[in-house]
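Engineer: only the shape, not the letters, is given here:
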């Protein structure tokens, strides 16, 4: 990516990505940076995380403990460290490979409301330790049911009860740690045609359980962002109902998928969106000239999933910061990447090159783009503004 406003043609970009993704050294790995005490001091401002998969943010120690209690072996791991090695990705790969980790550990969580509440509470504790004051955890409650079919919600554990369990954990965390957390519930690419409408109705009817928006994401077998007509229709209906909307786009797909998310699905926020940079005109029109659409970036994840090349000094968020684009920084799936908000911001500073004030501005952008009600959002924005680092 050039420093100016002229990007290479698509073929050139693809060739560059192919070269970087298929490094001659197959053992090439990347690691999350260690955060020094000096860096922690520089990053003391309040933090807001918008793009965090709840199921992908469970402690590995907790997964190992739950599996042990149930007498289940996860990937044959006999220690926490072995399980960590099985779940984490530190080699630039692809989205499907990262998502395969969920197929390992989700079965022991499904239908276990006690475990789900524990996950939510512990997540609040982990966020608090990193100075996060507000976050939105996204998940598909139907994928945590004990049934074989992901859409049917009968027997003991229903989608509503899953959301209730998350809320109980979040409520306990809010009381204990002074942190605020809300739920975004996800449609999943490639499931039953009725599923998107089911998610929309759940978000509409159960806002009192802390649901603030809907999302749509892919799976290991359908991560191409080619969202079905039923998904598009559900998002159009969400717009009419006043239900907030964020859409995964521009991660495994390209600019066309981002354009569709914005102009057909009425997305207010784009999950990832890096590949919009392949279309300079669209980038300028939708994110530079207009600041209304928010980009949820996850730098470490972006390289691990293959969304962008392993070339930190030319990462898209450098351009976004330079152009004062409306974007924030999140982690995506810390269970898979062993990253914290502190390590993610340290990466953005030390490797990518954003300065401390730009990192704080990303928190302010996140606060303004969050899906809280206006009065609560105003309080959050005020809190982040008060933490502006002195130049």
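Structural biologist: Noted; the coordinates are in hand. Since we're looking at a predicted model, the values are computed, not measured. Numbering: from 1, shown residues only.
Engineer: pLDDT below threshold where in the chain?
Structural biologist: Residues of the chain meeting the criterion pLDDT under 70: 1-29, 94, 147-155, 220-223.
Engineer: residue 75 belongs to a helix?
Structural biologist: No. Counting by DSSP: H, G, I helix; E, B strand; the rest coil, residue 75 is located in no helix; its state is coil.
Engineer: neighbours of it, how many?
Structural biologist: Residue 75 has 13 neighbours, counted by other C-beta atoms under 10 Å. Any C-beta I mention is one placed from the backbone N, CA and C, and that applies to glycine too.
Engineer: got the contact list for the closest residue in space to it that isn't next to it in sequence?
Structural biologist: Leaving aside its chain neighbours, residue 75 sits nearest to residue 86 (3.8 Å; criterion: C-beta to C-beta, 6 or more residues apart in numbering). Residue 86 makes contact with 74, 75, 76, 77, 101, 104 under the criterion C-beta atoms under 8 Å, 6 or more residues apart in numbering.
Engineer: give me the element the nearest residue to the first one once chain neighbours are set aside is part of.
Structural biologist: What sits nearest to residue 74 in space, not counting adjacent residues and going by C-beta to C-beta, 6+ apart, is residue 67, at 4.8 Å. The secondary structure element spanning residue 67 is helix 60-70 (assigned by DSSP states H and E).
Engineer: hmm, who's touching that helix?
Structural biologist: Here helix 60-70 makes contact (C-beta under 8 Å, 6+ apart) with 73-74, 77, 79-80, 83-84, 87, 105, 108-109, 112, 115, 118-119, 122, 335.
Engineer: 6 Å instead, please
Structural biologist: 74, 80, 83, 84, 105, 108, 115 (C-beta atoms under 6 Å, 6 or more residues apart in numbering).
Engineer: burial check on the first one, number of neighbours?
Structural biologist: Think residue 74. By other C-beta under 10 Å, 19 other residues sit near residue 74.
Engineer: also the second one?
Structural biologist: Residues within reach of residue 80, counting by other C-beta under 10 Å, total 16.
Engineer: now do the fifth one
Structural biologist: Per other C-beta under 10 Å, the neighbour tally for residue 105 reads 24.
Engineer: how close does it get to residue 332?
Structural biologist: Using C-beta to C-beta, to the nearest Å, one gets 16 Å for the distance from residue 105 to residue 332.
Engineer: ok, the third one next?
Structural biologist: Applying C-beta to C-beta, the value for residue 83 to residue 332 is 19 Å.
Engineer: and for the last one?
Structural biologist: With distances defined as C-beta to C-beta, the gap from residue 115 to residue 332 amounts to 21 Å.
Engineer: higher neighbour count, the two?
Structural biologist: residue 332 (28 against 22).
Engineer: tell me what that one is bridged to.
Structural biologist: Judged by DSSP bridges, the bridge partners of residue 332 are residue 52.
Engineer: could you shift the numbering so residue one becomes 58, and keep it that way?
Structural biologist: OK, 58 is where the count begins now, so the last one is residue 389.
Engineer: that one reaches residue 358, doesn't it?
Structural biologist: Yes. The criterion here is C-beta atoms under 6 Å, and residue 389 meets it with residue 358 at 3.7 Å.
Engineer: wait, which of the contacts of residue 143 is closest to residue 297?
Structural biologist: residue 158 (36.3 Å; C-beta to C-beta).
Engineer: for that closest one, grab phi and psi.
Structural biologist: When read as degrees, to the nearest 10, the backbone of residue 158 gives phi -60, psi -30.
Engineer: so what's the residue count around the residue lying closest to it once chain neighbours are set aside?
Structural biologist: Excluding the flanking residues, the one nearest residue 158 by C-beta to C-beta, 6+ apart is residue 144, at 4.6 Å. Summarising burial for residue 144: neighbours were counted as other C-beta under 10 Å, giving 25.
Engineer: look up how far residue 434 lies from residue 144.
Structural biologist: 34 Å.
Engineer: and what of residue 160?
Structural biologist: Distance of residue 160 to residue 434, given as C-beta to C-beta: 36 Å.
Engineer: compare those two (neighbour count), which wins?
Structural biologist: It is residue 434, of residue 160 and residue 434, that has more neighbours when counted by other C-beta under 10 Å, with 16 against 11.
Engineer: so how far is the helix or strand containing that one off the chain centroid?
Structural biologist: Secondary structure from DSSP H and E places residue 434 in helix 431-443. From the chain centre to the centre of helix 431-443 is a distance of 22 Å (C-alpha atoms, centre = their mean, to the nearest Å).
Engineer: how about stretch 413-422?
Structural biologist: The chain centroid and the centroid of stretch 413-422 are separated by 18 Å under C-alpha atoms, centre = their mean.
Engineer: got the contact list for the closest residue to residue 414 other than its chain neighbours?
Structural biologist: Once flanking residues are discounted, residue 414 sits nearest to residue 446: 6.0 Å by C-beta to C-beta, 6+ apart. Counting by C-beta under 6 Å, 6+ apart, residue 446 makes contact with 102, 413, 414, 417.
Engineer: can you rerun that using 10 Å?
Structural biologist: By C-beta atoms under 10 Å, 6 or more residues apart in numbering, the residues touching residue 446 are 99, 100, 101, 102, 412, 413, 414, 416, 417, 418.
Engineer: make sure the last one is indeed in a helix.
Structural biologist: In other words, residue 418. Yes. Using three-state DSSP, the secondary structure at residue 418 is a helix.
Engineer: thought residue 374 was touching it, still the case?
Structural biologist: No. With contacts counted by C-beta atoms under 10 Å, residue 418 stays clear of residue 374, the gap being 11.6 Å.
Engineer: pick out whichever of these two has more residues nearby.
Structural biologist: Remark: of residue 418 and residue 374, residue 374 carries more neighbours, 25 against 20, as counted by other C-beta under 10 Å.
Engineer: just give me how far stretch 326-344 sits from the chain centre.
Structural biologist: With C-alpha atoms, centre = their mean, you get 17 Å for stretch 326-344.
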